[in-house]
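# Need a 3D model of the following:
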Amino acid sequence: MPRYLFGAPVASGSMTRSQRSLRVLIFCTALLIGARPHDDAERSVERAIVLHQARRYGEAAEELNAAIRTAPNWHYPALLLARIYGDAHLLNRAIDAVTRAMRLIPRGAAVDRSSATKLLAELEAARGNVQAARHACANARALEPAADDVDRLAADLDRFETADAALASGRWQEAAAAFASLLLDRPSWLNVYERLASAQLHLNDPLAARATLTRAISLCPIRSVFLVGSFSLGHKGEWDRTANAMEDRDNDGVWTTRLHLEPGTYHYKFLVNGNDWFSDPSAAEDEILLGGRASVLRISGSKARWRLFSFATFPTDPLFAHLQTLLARIEKDLAPGDEDAPRESARIPVTFRFRPPAGTQSVQLAGSFNGWANTEHGAFKQDEAYLLKDGGADGLWILTIDLPAGDYPYKFVLDGHVWMADPEADAYVNDGFGGHNGVIFVGRSVPRTPVELRFQPADYFEADADGGFVVYRPSTIALVGDFNHWNKVSHLLEDLDGDGVWTVSIDVPPGRYRYNFLVDETNWFADPLSAAFERVELGTAKYVEVDRGKSSVVVIPEGGSGPLVFRFRPPRLRCVAVAGSMNGWNRLSHQLAGPASDGSWRITLHVVPGEYEYKFVVNDVMWLSDIKADRFKPDPFGGQNSVLTVR
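Predicted structure coming up:
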């Protein structure tokens with residue numbers, strides 16, 4: 001029996017391991033809850049999951065609705081449909097779907113019931129139904145009393161009501177700051193954008209209100225659809241991306257346009273939101289073109305014909321249309337003609353500053369304002385207009401450009417290939433690759449709150465006789481180098497007198513040798529007493545006192561005689577930094593000062609109100625949670641991040 005992925009049949013024998021695992025997961029889930037679904041429903045769910053991962057929301061929703069029709073008593077398709085609608089910000093439909101799923105979930109499926117209840121609470125909150133969201137939170141607590149995410153949601157509902165009260169009583173500045181802070185933690189709450197824009201308009205800041213509404217509308221999953229193909233070419237012969245705009249006039253999720261085409265063969269695709277390319281699932285054929293698959297249209301005969309093109313997804317939430325109407329009013333007020341009003345073309349000078357690592361040859365600014373410095377085919381393109389200038393001895397690179405009001409994600413590109421977030425950005429968002437983009441707010445100011453963090457070494461390490469702190473106490477230390485063919489066990493160091501200095505004495509013939517210390521069989525250390533260093537491949541070190549990836553070098557001159565003594569002292573605390581979501585997890589940018597008279601290391605951060613995860617970084621490489629933090633969250637590596645809440 002064929003399997004279907006993206007609408008194309010795939011032989012069962014050619015399914016990947018992940019696809020087979022997906023089918024096993026669906027089957028086992030059904031058995032555990034006592035509801036074996038119909039085979040057709042199971043296949044529809046399988047296809048929907050793959051389509052959802054590819055952001056083909058409309059097709060995924062169609063598959064899940066088909067599964068619901070085939071197996072109406074199986075709750076899983078309705079629950080997955082609710083998540084897809086939620087990702088697409090179709091909030092009313094998502095609420096309807098999760099409500100249906102909750103009616104079908106068996107009593108024994110406690111995990112699914114808890115998950116569905118939390119999802120309902122989040123959707124109601126995003127919609128602005130505070131009381132319904134609180135009711136769902138109460139039900140979620142009854143199912144899972146220790147759920148931290150439910151507590152955070154309830155706290156954010158409190159923040160929303162406090163900000164709403166400020167707005168209702170005319171405290172515009174307080175309301176604007178509170179709503180802006182809330183959006184940093186809950187960017188999917190569409191109702192908050194409208195309230196923030198209202199406060200900004202009362203503060204006579206239409207540019208900020210326009211930026212807020214533009215950001216909200218950018219969450220709409222389908223903002224624009226263009227028909228792009230060989231029938232509309234640019235002046236260089238490339239496909240014109242903007243020649244054929246499609247429309248969804250009745251908001252039914254079907255975007256259409258008509259073209260009058262001469263006989264011939266045409267290749268085409270749909271361009272969604274200016275970034276995502278889709279072939280036409282209704283096309284009779286397609287071909288590989290420029291590394292991707294393009295749909296093919298053949299028009300026979302001798303006369304030109306009208307051709308209707310359609311791209312089916314699903315309708316957008318009516319709230320987006322309401323926000324678009326509000327934005328249009330602001331745009332009209334900002335239109336040229338009123339000498340007292342801000343101009344549409346008004347641009348604001350913005351200065352970017354960045355201190356890159358020593359030895360950096362170039363730093364370029366890349367962000368949403370310049371297409372992320374990409375060429376048409378996605379390769380990085382150097383642009384002199386966005387190159388930062390080296391400020392000189394202080395190591396600070398600077399660039400000033402003019403930007404319209406708005407919120408812009410960005411990064412710095414070092415030497416054309418190393419992408420780094422700005423540790424001094426106004427905010428941060430996920431970059432889609434496991435890292436973070438910085439965000440700069442142009443045309444609006446967000447209040448920052450000073451927060452002091454303290455690191456007390458005595459809470460983590462043992463003090464030594466000199467009053468310092470040993471950050472790592474080894475069990476074994478080996479001298480490994482060219483002179484013993486990098487043997488990891490032949491020359492072990494010892495601390496015979498207990499003074500913390502490990503030594504070994506060996507006879508080395510004249511010559512030039514590379515070497516390192518191998519601590520506890522896994523951690524490589526260069527010798528800080530070595531006169532020279534040379535880069536070698538030694539693997540990734542967990543603790544490194546000097547630069548990781550370098551070996552020490554010793555030179556024994558001709559005529560040299562006698563044993564050579566190598567000494568190694570386990571690393572002491574020498575520096576502490578803080579890295580977290582407030583600085584793009586940069587482990588070098590925010591160094592704590594210390595030690596103070598009480599032995600602590602300290603730093604004062606100025607951050608936008610919100611919730612931040614962070615850790616301390618000792619000696620540039622050792623990541624430690626702040627044991628005095630109020631709350632913690634699991635990190636991706638089996639540990640815990642500390643949580644800082646700034647009001």
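
# Tell me where the stretch 151-300 of the chain is predicted with low confidence.
Scanning the stretch 151-300 of the chain with the threshold set as pLDDT under 70 gives 234-237, 275, 289-292.

# Okay, helices next: where are they in it?
Assigned by DSSP state H, counting those that start in this stretch, the helices in the stretch 151-300 of the chain fall at 172-185, 190-202, 206-217.

# closest one to I299 among the ones you listed?
Within the helices of the stretch 151-300 of the chain, the stretch nearest I299 is helix 206-217; the backing value is 36.8 Å (C-beta to C-beta). Every C-beta, even on glycine, is put in place using the N, C-alpha and C of the backbone.

# in this protein, what secondary structure element scores lowest on mean pLDDT?
When the helices and strands of the chain are scored by mean pLDDT, DSSP states H and E, strand 3-5 comes last with a mean of 26.

# about what we covered before: can you list the helices of the stretch 151-300 of the chain in a markdown table and add mean neighbour count and distance to L143?
Below are the helices of the stretch 151-300 of the chain laid out as a markdown table (neighbours: other C-beta atoms under 10 Å; distance: least, C-beta to C-beta, whole Å):
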| stretch | mean neighbour count | distance to L143 |
| --- | --- | --- |
| helix 172-185 | 21 | 23 |
| helix 190-202 | 22 | 26 |
| helix 206-217 | 23 | 32 |
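
# closest one to E613 among those helices?
So among these, helix 172-185 is nearest, using C-beta to C-beta, at 11.6 Å.

# which residues sit against that closest one?
Helix 172-185 is contacted from outside by 156, 159-160, 162-164, 166-167, 189, 192-193, 195-196, 199-200, 202-203, 427, 446-447, 608-611, 647, using C-beta atoms under 8 Å, 6 or more residues apart in numbering.

# can you rerun that using 7 Å?
If you take C-beta atoms under 7 Å, 6 or more residues apart in numbering as the criterion, helix 172-185 is touched by 156, 159-160, 162-163, 166-167, 192, 195-196, 199-200, 202-203, 427, 446-447, 608-611.

# before we move on, the earlier item: now the helices of the stretch 151-300 of the chain as TSV including distance to D39?
Shown next, in TSV, are the helices of the stretch 151-300 of the chain (distance: least, C-beta to C-beta, whole Å):
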stretch	distance to D39
helix 172-185	43
helix 190-202	38
helix 206-217	41
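
# And those: which comes nearest Q131?
Ranking the helices of the stretch 151-300 of the chain by their distance to Q131 (criterion: C-beta to C-beta) puts helix 190-202 first, at 13.6 Å.

# and that closest one, what does it pack onto?
Judged by 3 or more C-beta pairs under 7 Å, 6 or more residues apart in numbering; DSSP states H and E, the packing partners of helix 190-202 are helix 148-168, helix 172-185, helix 206-217, helix 318-334.

# okay, those in a markdown table with distance to D527 next?
Formatted as a markdown table, the entries for the helices and strands packed on helix 190-202 read as follows, by distance: least, C-beta to C-beta, whole Å:
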| stretch | distance to D527 |
| --- | --- |
| helix 148-168 | 46 |
| helix 172-185 | 46 |
| helix 206-217 | 53 |
| helix 318-334 | 62 |
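
# and A463, which of the ones you listed is closest to it?
Evaluated over these, closeness to A463 peaks at helix 148-168, with 35.3 Å, by C-beta to C-beta.

# List the buried residues for the closest one?
Of the residues in helix 148-168, those buried by neighbour count under the rule 16 or more other C-beta atoms under 10 Å are V150, R152, L153, A154, D156, L157, R159, F160, A163, D164, A166, L167.

# same thing with stretch 240-248?
Judged by neighbour count using 16+ other C-beta under 10 Å, the buried positions of stretch 240-248 are N244, M246, D248.

# Which among the helices and strands packed on helix 190-202 is found nearest to P474?
Closest to P474 of these, according to C-beta to C-beta: helix 148-168, at 36.9 Å.

# What lies in contact with that closest one?
In this structure, residues lying in contact with helix 148-168 by C-beta under 7 Å, 6+ apart are 118, 121-122, 125, 130, 133-134, 137, 140-141, 174-175, 178-179, 182, 185-186, 192, 195, 198-199.

# Was I right to think A61 contacts I84?
Yes. Counting by C-beta atoms under 7 Å, I84 is a contact partner of A61 at 5.8 Å.

# now, which of the buried residues of stretch 240-248 lie within strands?
Of the buried residues of stretch 240-248, none are assigned to strands by DSSP state E.

# which one of these is nearest F320?
Proximity of those to F320, judged by C-beta to C-beta, is greatest for D248, which lies at 11.6 Å.

# ok, the nearest residue to that closest one once chain neighbours are set aside - contacts?
Here the nearest residue to D248 in space, its sequence neighbours aside, is W255; by C-beta to C-beta, 6 or more residues apart in numbering that works out to 4.7 Å. Shown here is W255, whose contacts under the criterion C-beta under 7 Å, 6+ apart are V225, M246, E247, D248, S310, F311.

# Next: S295.
For S295, the contacting residues are Y268, K269, S279, D280, A283, D286, by C-beta under 7 Å, 6+ apart.

# So which of the residues you listed wins on neighbours?
Y268 (24 neighbours; other C-beta atoms under 10 Å).

# ok, and the closest non-adjacent residue to that one?
Counting by C-beta to C-beta, 6+ apart, G229 is the residue found nearest to Y268 once chain neighbours are left out, at 2.8 Å.

# One more: D280?
With C-beta to C-beta, 6+ apart as the criterion, D280 has its nearest non-adjacent residue at 4.0 Å, and that residue is S295.

# Quickly note the distance from that neighbour to N641.
Taking C-beta to C-beta, to the nearest Å as the measure, S295 and N641 are separated by 46 Å.

# In the helix or strand R100 falls within, which residues are buried?
With elements taken from DSSP states H and E, the one containing R100 is helix 91-104. Within helix 91-104, the residues scored as buried using 16+ other C-beta under 10 Å are L91, R93, A94, I95, D96, A97, V98, R100, A101, M102, L104.

# Which one of these is nearest to L323?
Using C-beta to C-beta, L91 is the member of these that lies nearest L323, at 12.9 Å.

# In this structure the closest one contacts R127, no?
Yes. With contact defined as C-beta under 7 Å, L91 reaches R127; the gap is 4.6 Å.

# L81 falls within a helix, correct?
Yes. When the secondary structure is assigned by DSSP: H, G, I helix; E, B strand; the rest coil, L81 falls within a helix.

# Look at it and say how many residues are nearby.
27.

# tell me the contacts of it?
L81 makes contact with A61, L64, A97, according to C-beta under 7 Å, 6+ apart.

# And E144, by the same measure?
Taking C-beta under 7 Å, 6+ apart as the criterion, E144 is in contact with S114.

# per-residue confidence for it?
pLDDT, the model's per-residue confidence, is 81 for E144.

# distance of it from L81?
Taken as C-beta to C-beta, the span from E144 to L81 is 23 Å.

# Please apply the same query to K118.
To L81, K118 is 16 Å away according to C-beta to C-beta.

# coming back round to it: using CSV, lay out the buried residues of stretch 240-248 together with distance to G395.
What follows is the buried residues of stretch 240-248, written out as CSV (distance: C-beta to C-beta, whole Å):
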residue, distance to G395
N244, 50
M246, 50
D248, 52
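
# Let me know the closest of these to K488.
M246 (64.7 Å).

# Would you confirm that that closest one contacts F226?
Yes. The criterion here is C-beta under 7 Å, and M246 meets it with F226 at 6.5 Å.

# Closest to G594 out of the contacts of W255?
V225 (56.3 Å).

# got a list of what that closest one touches?
By C-beta under 7 Å, 6+ apart, the residues touching V225 are M246, W255, F270, V272, F311.

# From H322, how far off is it?
V225 is 21 Å from H322, where distance means C-beta to C-beta.

# Over to R473?
Counting by C-beta to C-beta - R473 and H322 are separated by 63 Å.

# Equivalent analysis for N484, please.
Between N484 and H322 the computed distance is 75 Å (C-beta to C-beta).

# again, but for R572
Counting by C-beta to C-beta, the gap from R572 to H322 is 61 Å.

# what about these two, which has more around it?
Neighbours were counted for R572 and for H322 using other C-beta under 10 Å; R572 has more, 17 against 12.
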